[in-house]
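1. have a look at this prediction, sequence included:
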Amino acid sequence: QVQLVESGGGLVQAGGSLRLSCAASGRTFSSYGLGWFRQAPGGERERVALISASGRGTYYAGSVKGRFTISRDDAKNTMYLQMNSLRPEDTAIYYCALATVPFTTQASGYVYWGQGTQVTVSS
């Protein structure tokens, strides 16, 4: 059974940085795309950053482009999201997800999900 566990969330001041990690077990994820999604209070879940199986393909939401960096370490079965220049509007629960294809920008392609980690950015 696939399990994804996020860590690294917390409270940070605007302009600060956080690094989220997502550790996978139960399946080797080197052949599949990975992604970070987030859901703010009262909002819908949205794509934040996606990375292909090879690591060479990435997608970023316009609101985070230039501030966030997604990466993966297949030897450790771990994915990361480096978040810099954080803003209050980045406050949300952040989820990692594993696709069943090498890369997709469609949320429906991400079948396995973590439980989420809270990121709160104070102004």
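-> Structure's in. What do you need?

2. how much space between the residue nearest the centre of the chain and A24?
-> Taking Cα atoms, centre = their mean, the centroid of the chain lies closest to W36, which sits 2.2 Å from it. Separation of W36 from A24 (Cβ to Cβ, to the nearest Å): 13 Å. Glycine gets a C-beta too; all of them are placed from N, C-alpha and C.

3. find residues that contact each of these two.
-> Shared contacts of W36 and A24, defined by Cβ atoms under 8 Å, 6 or more residues apart in numbering, are found at M79.

4. quick one on the thing from earlier: do I have it right that the residue nearest to the centre of the chain meets A49?
-> Yes. Using Cβ atoms under 8 Å, W36 makes contact with A49 at a distance of 4.9 Å.

5. now do the shared contacts for these two.
-> Going by Cβ under 8 Å, 6+ apart, residues that sit against W36 and also against A49 are I70, L81.

6. what about the closest residue to R67 other than its chain neighbours, distance to G43?
-> Nearest residue to R67 in three dimensions, chain neighbours excluded: S85, at 4.7 Å (Cβ to Cβ, 6 or more residues apart in numbering). Distance, S85 to G43, by Cβ to Cβ: 21 Å.

7. before we move on, what about A92?
-> When A92 is compared with G43 (using Cβ to Cβ), they lie 7 Å apart.

8. pick out whichever of these two has more residues nearby.
-> Higher neighbour count among A92 and G43: A92, with 22 against 9, using other Cβ atoms under 10 Å.

9. so what's I51 bridging to?
-> I51 forms beta bridges with L34, T58, as assigned by DSSP bridges.

10. confidence score at it?
-> We note a pLDDT of 98 for I51 in this prediction.

11. I'd say it and S30 touch.
-> No. Judged on Cβ under 8 Å, I51 makes no contact with S30 at a distance of 11.7 Å.

12. more neighbours, the two?
-> Taking other Cβ under 10 Å, I51 and S30 do not tie; I51 has more neighbours (24 against 13).

13. got a list of what the more buried one touches?
-> G33, L34, G35, G57, T58, Y59, I70, S71, R72, M79, F103.

14. how far away is it from Q13?
-> 28 Å.

15. count the neighbours of G9 for me.
-> Residues near G9, counting by other Cβ under 10 Å: 19.
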